[in-house]
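[1] Sequence and computational prediction follow.
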Amino acid sequence: MSYQMLRRLLHYCPETGQFTWRFDEKVYAGVKGKPAGSLKKNGYIQICYKEKKYYAQRLAVLYMTKREAQHQVRHLNSNHSDNTWSNLQDREAGYYTL
């Protein structure tokens, strides 16, 4: 997913780690403002759009840095569903900064 498409479809709150749907011609109007994604058995949040699946932590990196994560995104507190910005770290490159 491109940065532009992500920003058009979803809103990310860095303090809560929550993604919510924005209204777009490609998204059903009934989901506007509702939380995006679902908790999977592995503990990660996954967001589906047009039959493609995206991990929320990787979308958070794209949303905040305007580029895709190049390495595995680590959850510092080991809670894979906690996608607050301060909890995410690039396993190889270190902490994310704005």
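    Structure's in. What do you need?

[2] Show me where the chain has its strands.
    10-12, 19-21, 38-39, 45-49, 52-55, 73-75, 88-90, 94-95 (DSSP state E).

[3] okay, those in CSV with mean neighbour count next?
    The C-beta positions use only the backbone N, C-alpha and C, and glycine is treated the same way. Putting the strands of the chain into CSV (neighbours: other CB atoms under 10 Å) gives the following:
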stretch, mean neighbour count
strand 10-12, 19
strand 19-21, 20
strand 38-39, 12
strand 45-49, 17
strand 52-55, 14
strand 73-75, 18
strand 88-90, 19
strand 94-95, 10
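
[4] list the contacts for the residue nearest to Gly17 when sequence neighbours are not counted?
    Nearest residue to Gly17, sequence neighbours excluded (CB to CB, 6 or more residues apart in numbering): Asn83, at 3.4 Å. Shown in contact with Asn83 (CB atoms under 8 Å, 6 or more residues apart in numbering): 17-19, 45, 56-57, 60, 75.
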